[in-house]
Structure formats: structure tokens, C-alpha cells
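Participant: sequence first, then the predicted structure, then my questions.
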Amino acid sequence: DAKTTQPTSMDCAEGRAANLPCNHSTISGNEYVYWYRQIHSQGPQYIIHGLKNNETNEMASLIITEDRKSSTLILPHATLRDTAVYYCIVKEGAQKLVFGQGTRLTINP
Amino acid sequence: DTEVTQTPKHLVMGMTNKKSLKCEQHMGHRAMYWYKQKAKKPPELMFVYSYEKLSINESVPSRFSPECPNSSLLNLHLHALQPEDSALYLCASSQEGGFNQPQHFGDGTRLSIL
């Protein structure tokens, strides 16, 4: 079973920041948090990952709480093309990504 | 654009047919993966190859037979599939070395079993 829980769906207005929460209360000390998204009819797209520090790249920012029991993915200026299912994953071991149900994010014009 | 290429994009086959799915990456990754995704469900891991050796088999039925002929190629041989095997089959690859290595996915092969 997946180690994360996410809201089933969220809406965000175009141009605003989209903040996607994720709970992972059973995360272990050496387990990373990964975020992927899947746009309809495509494979999952890697967004970002982190261990304990906040991370930022050209796509998004990842904020991890100090106790590492939850995190938030931030898309700073959402566009219509960001509409997708977003998966928060705690990687189990070196090779296993166990996907949960994810959050269906809809960006509205 | 994805750097993991899967062919074919779509495949329709009968239950008695034999077919193969192909996956290719040229990123120098040494770990490759097969996932299965049913409609409206998340992807589920099937197999993992590490340095061309099978390292994880998630109790997949023997009608699915993976093969890793070299570090850039991954095949999934299909035989005597059932209608419930209709799904999107995704390939992924990553650098070996574990926790801090993201997997990169192809866009999948959509398989329909008649």
C-alpha cells in the first residue's frame, strides 16, 4: 500500500499558485518524497523530490515539514497545461515507487 | 517529449496471440521498470531490472515475460493474455543507486485484449 494520502481533487485559478498537500506520517528517515504528474494519455512525468530540505526547480517547489510527516507541492503560476493527476510518493527502497490515488488538479480559466 | 521510447503506442491482440512490447532509453540508465496501469487507477509495478538482471518480480503471472537484452532495451513478451490484462503498460528507467534517483517514464503502450 502507498504510504501517502492526498485529497482526491482540487481546483485552482489560472495564474494563481497551486498548493498540493500530501501526508506521509509513517515516512522513515532515509525515504525520499517524490512528486509526479500524469496528464491524460501520457506517462507519469517526474516533477521534483526531496528528503528533508525544501527544494525548487524550474517546474515547482517542494516544502517538507520539519518532522517530515507532510509536504506541499507548489506550482507558482498555474496554467491550463498543469491540469493533471498529481502523485505524491514515498519511495520504498531503492527501486519501488508505490503510487497512491493522487490528486486530480483542475486549472480553471 | 519523453526520453524513454515505447513501441508500439497501441496494440490489439487476441488471447492466443504472442506479441512483444519494446522500451528503449539512451540516458545511460542501468535500472529499467515495467508498470501496468488500468483505467482510472494508478500505475502498479510489475518488474525491475538492475544492470540487466531481474531484481524484482511483483508476482506477475507467467504470461508476461520480461527481457533485458542490453542496458538500453527492455522487452515485455506477451502470450495467452486475458481480457483483464487490457491496460496501459508503462516503461521507466533510472540511474542505479537508489533512493535519490528519479524514474523517468515513457508514454506507454495501450494494450487491448479481444
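Facilitator: Sure thing, it's come through. Numbers count the residues shown, from 1 in each chain, chains lettered A, B, ... in the order given.

Participant: and B:Arg63, its phi and psi?
Facilitator: When quoted as degrees, to the nearest 10, the phi and psi of B:Arg63 stand at phi -70, psi -10.

Participant: I'd say it and B:Glu84 touch.
Facilitator: No - assessed by C-beta atoms under 8 Å, B:Arg63 is found out of contact with B:Glu84, at 11.3 Å. (Each C-beta comes from the backbone N, C-alpha and C, glycine too.)

Participant: so the residue positioned nearest the centre of chain B: helix, strand or coil?
Facilitator: In chain B, the residue lying closest to the centroid (C-alpha atoms, centre = their mean) is B:Trp34, at 3.0 Å. Three-state call for B:Trp34 (DSSP: H, G, I helix; E, B strand; the rest coil): strand.

Participant: residue contacts, the residue lying farthest from the centre of chain B?
Facilitator: The outermost residue of chain B relative to its centre, with distances by C-alpha atoms, centre = their mean, is B:Asn100 at 21.7 Å. Contact analysis of B:Asn100 by C-beta atoms under 8 Å, 6 or more residues apart in numbering or on different chains lists A:32, A:49, A:51.

Participant: and A:Gly50, how far from A:Ile63?
Facilitator: Separation of A:Gly50 from A:Ile63 (C-beta to C-beta, to the nearest Å): 9 Å.

Participant: so what sits against both of the two?
Facilitator: Common neighbours of A:Gly50 and A:Ile63 (C-beta under 8 Å, 6+ apart) are A:Ser71.

Participant: so B:Arg63 and B:Glu84 - more neighbours on which side?
Facilitator: Using other C-beta atoms under 10 Å in any protein chain shown as the criterion, B:Arg63 and B:Glu84 rank with B:Arg63 on top: 14 against 8.

Participant: please name the nearest non-neighbouring residue to the more buried one.
Facilitator: Residue nearest to B:Arg63 in three dimensions, not counting chain neighbours: B:Ala80, with 5.1 Å by C-beta to C-beta, 6 or more residues apart in numbering or on different chains.

Participant: about what we covered before: okay, the residue farthest from the centre of chain B: pLDDT?
Facilitator: The per-residue pLDDT reported for B:Asn100 equals 85.

Participant: go on, the one 10 residues further on?
Facilitator: What the model reports as pLDDT for B:Arg110 is 97.

Participant: list the helices and strands whichever strand or helix holds it packs on?
Facilitator: Using DSSP states H and E, B:Arg110 sits in strand B:109-113. Helices and strands touching strand B:109-113, by 3 or more C-beta pairs under 8 Å, 6 or more residues apart in numbering or on different chains; DSSP states H and E, are strand B:10-13, strand B:87-94.

Participant: is A:Cys88 in a helix, a strand, or coil?
Facilitator: Quick answer, by three-state DSSP: A:Cys88 is strand.

Participant: what's the spacing between the closest residue to it other than its chain neighbours and chain B?
Facilitator: Distances taken as C-beta to C-beta, 6+ apart put A:Cys22 closest to A:Cys88, at 3.5 Å, once the chain neighbours are dropped. Distance, A:Cys22 to chain B, by C-beta to the nearest C-beta, to the nearest Å: 14 Å.

Participant: one more: A:Thr4?
Facilitator: Taking C-beta to the nearest C-beta, one finds A:Thr4 at 11 Å from chain B.

Participant: ok now do that residue, which residues does it touch?
Facilitator: A:22-24, A:88-90, A:100.
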